[in-house]
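S.K.: Would you be able to build a 3D model of this:
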Amino acid sequence: MANVNDVNSLERLLRPLRRELSAELADALLRLKADTEVQARYDELAGKNTDGALNAEERGELESLVRANSILSLLKAEARAFLQQPKAA
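M.R.: Numbers count the residues shown, from 1 in each chain. Modelled structure (predicted):
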């Protein structure tokens, strides 16, 4: 799973993105979410993980989904920060 150091490093790498965002792109990022198939697979894997029933391949798949979600969360945080900046006159 993504650890705190990975998330902090990725957050620092993505911070300059805020300078390149437009309102339209920021809004699009905030609307982005997993499709129903991906969400269902995540739910299945998370349930199996809770039950201690994941095999090695499934654990790798779940870890990949968690990392992708961490990246998406950081992108959304940058989009929110961009949209909350005072507008230049």
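S.K.: So which residues of the protein form helices?
M.R.: Using DSSP state H, the helices of the chain run over 4-14, 17-20, 23-31, 36-50, 56-84.
S.K.: For residue 67, see how far away the closest residue to residue 71 other than its chain neighbours is.
M.R.: Counting by Cβ to Cβ, 6 or more residues apart in numbering, the nearest residue to residue 71 once its immediate chain neighbours are dropped is residue 10, at 6.6 Å. In this view, the C-beta of every residue, glycine as well, is placed from N, C-alpha and C. Going from residue 10 to residue 67 by Cβ to Cβ, to the nearest Å gives 9 Å.
S.K.: what's the answer for residue 19, then?
M.R.: Residue 19 sits 25 Å away from residue 67, going by Cβ to Cβ.
S.K.: Of these two, which one has the most company?
M.R.: Taking neighbours as other Cβ atoms under 10 Å, residue 19 and residue 67 compare with residue 67 leading, 15 against 8.
S.K.: so what's the residue minimising distance to the centre of the chain up against?
M.R.: Most central in the chain under Cα atoms, centre = their mean is residue 72, positioned 2.3 Å from the mean C-alpha point. Residue 72 makes contacts with residue 32, as judged by Cβ atoms under 8 Å, 6 or more residues apart in numbering.
S.K.: Now do it, the pLDDT please.
M.R.: If you check residue 72, the pLDDT there is 92.
S.K.: Also the one 3 residues further on?
M.R.: The confidence metric pLDDT takes the value 90 at residue 75.
S.K.: Verify the contact between it and residue 14 for me.
M.R.: Yes. In this structure residue 75 lies within contact range of residue 14 using Cβ atoms under 8 Å: 6.6 Å.
S.K.: Thanks a lot, catch you later.
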